[in-house]
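> give me a model of this one.
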Amino acid sequence: MTIERSLTVGDVFETDIAMRWADSDMLRHLNNTGYFRFMEEARIQFLAAAGLSATDADGNVVAHCSCDFVHPITYPATIRVRLTAQKIGRTSLTQYNELFVVHDLARGPYARGTTVLVNMDAALNRPTPWSAPLLKALGQVCRPAADFGTRADGTAS
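Numbers count the residues shown, from 1 in each chain. Reported below is the predicted structural model:
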C-alpha cells in the first residue's frame with residue numbers, strides 16, 4: 001500500500017549512475033565538472049520520476065549549486081547520488097546533495113553540495129509557488145529521512 005504524502009524536509013531521493021570513461025581525467029579521477037553533472041542527472045531523474053517536465057508554461061531553474069570535494073572518485077565507479085530536501089520555500093526547494101561510490105559506501109560521501117531550485121512560470125518569467133499536487137508528486141518518489149537516520153543537512157540524527 002502506498003501512502004500519499006507531500007514532499008517534506010528530510011525526504012530523500014537516491015539514484016545510482018555509472019561513471020563513464022569520458023567523465024575522468026588522465027589520472028582516472030572524476031573531473032570537477034562531473035560532480036555537478038551527476039547532481040544534475042539525479043535532479044532530472046527525481047523530477048522525471050515525479051512526472052514533471054519543463055513545459056511551455058512552467059518548469060524550474062537552478063538558482064544556486066555548490067560542491068565540496070571530499071575524496072576523489074576514480075574510474076570505474078558507480079556513483080550513488082542522494083538528494084535530501086533541506087528547505088521547502090514558497091517558490092524554491094533547497095536540496096542537500098551527497099555523492100557516494102557504491103562499492104565503498106562505508107567511506108561516506110565523496111562529495112557534498114547544495115542546489116536551490118526555483119519553480120518558474122515561463123510566460124511571466126517569474127518564480128511561482130509550488131502547488132500542492134506538485135509537492136505531493138515529489139513526495140511520492142522520496143523516502144522519509146527516518147529511513148536513513150539523517151537530518152535534512154545529511155548529518156546523522
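> so where do the helices sit in this protein?
Using DSSP state H, the helices found in the chain span residues 32-49, 132-140.
> what stretches of this protein score poorly on pLDDT?
1-3, 56, 149-157 (pLDDT under 70).
> ok, which stretches of it are strands?
12-18, 58-69, 78-88, 92-101, 111-121, 126-127 (DSSP state E).
> partners of the third one in the sheet?
In the sheet, strand 78-88 lines up against strand 12-18 (antiparallel), strand 92-101 (antiparallel) (DSSP bridges).
> can you redo these as CSV with mean neighbour count and distance to Val70?
No exception for glycine: its C-beta is placed from N, CA and C like everyone else's. Shown next, in CSV, are these (neighbours: other C-beta atoms under 10 Å; distance: least, C-beta to C-beta, whole Å):
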stretch, mean neighbour count, distance to Val70
strand 12-18, 17, 18
strand 92-101, 22, 9
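> any chance of a markdown table for the ones you listed, columns distance to Trp130?
Output for those, formatted as a markdown table (distance: least, C-beta to C-beta, whole Å):
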| stretch | distance to Trp130 |
| --- | --- |
| strand 12-18 | 16 |
| strand 92-101 | 7 |
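> and of those strands, who's closest to Val61?
Comparing the strands paired with strand 78-88 against Val61 with C-beta to C-beta, the closest turns out to be strand 92-101 (10.1 Å).
> how far is the closest one from where the chain is centred?
For strand 92-101, the distance from its own C-alpha centre to the chain's C-alpha centre is 4 Å (C-alpha atoms, centre = their mean, to the nearest Å).
> report the angle between it and strand 111-121.
150 degrees (axes from the mean of the first three to the mean of the last three C-alpha atoms, to 10 degrees).
> relative orientation of strand 92-101 and helix 132-140 in degrees?
Using the same axes, to 10 degrees: strand 92-101 against helix 132-140 is 20 degrees.
> between strand 92-101 and helix 32-49, how many degrees?
In terms of direction (the same axes, to 10 degrees), strand 92-101 departs from helix 32-49 by 120 degrees.
> can you give me the angle strand 92-101 makes with strand 58-69?
40 degrees.
> mean neighbour count and distance to Thr74 added to the helices of the chain, as TSV?
Shown next, in TSV, are those (neighbours: other C-beta under 10 Å; distance: least, C-beta to C-beta, whole Å):
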stretch	mean neighbour count	distance to Thr74
helix 32-49	18	12
helix 132-140	16	33
